[in-house]
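quick one, what's the 3D model for this:
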Amino acid sequence: MAHDDTSIKVSAQTRERLARLAAERNTTLKKLVEELAAATPTGAELCERERRSRAVLAEFFGVEVTEAELAASARLREMIARRETAA
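Presented below is the predicted three-dimensional model:
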């Protein structure tokens, strides 16, 4: 069986933070990075999730989400994220 591990380069500060997170979760750095990668959706996955959600809203609730509503929602999420970062 081929060895499928590889290396990634991160700053020392990032490596130390990841090591602290791994220790707090009682896991290895490798497992932590694997879990983070598996739990974080790609742009394509987010688009598909949005498409399915809009289809459910339309089919079961008769709600058609407009592009303007999506844009307003995105702006709201950005405002919330900025507020949380500033706090």
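
could you use CA atoms for every contact and neighbour count after this?
Noted.

name the element the closest residue to E64 other than its chain neighbours belongs to?
Computed as Cα to Cα, 6 or more residues apart in numbering, the closest residue to E64 that is not its neighbour in sequence is A58, at 5.4 Å. For A58, the host element (DSSP states H and E) is helix 43-61.

tell me the angle of the helix or strand following that helix relative to helix 43-61?
Next helix or strand after helix 43-61 toward the C-terminus (DSSP H and E): helix 67-86. Orientation of helix 67-86 against helix 43-61 (axes from the mean of the first three to the mean of the last three Cα atoms, to 10 degrees) gives an angle of 120 degrees.

start the count at 850 instead of 1 going forward.
Let's use 850 as the start, then, which means that last one is helix 916-935.

so how far is helix 916-935 from its chain's centroid?
In terms of Cα atoms, centre = their mean, to the nearest Å, the centre of helix 916-935 is found 15 Å from the chain centre.

same deal with stretch 864-882?
18 Å.

measure it end to end?
Using Cα to Cα, to the nearest Å, the end-to-end distance of stretch 864-882 comes to 11 Å.

got the buried residues for it?
By neighbour count with 16 or more other Cα atoms under 10 Å, stretch 864-882 contains the buried residues L867, A868, A871, L878, L881.
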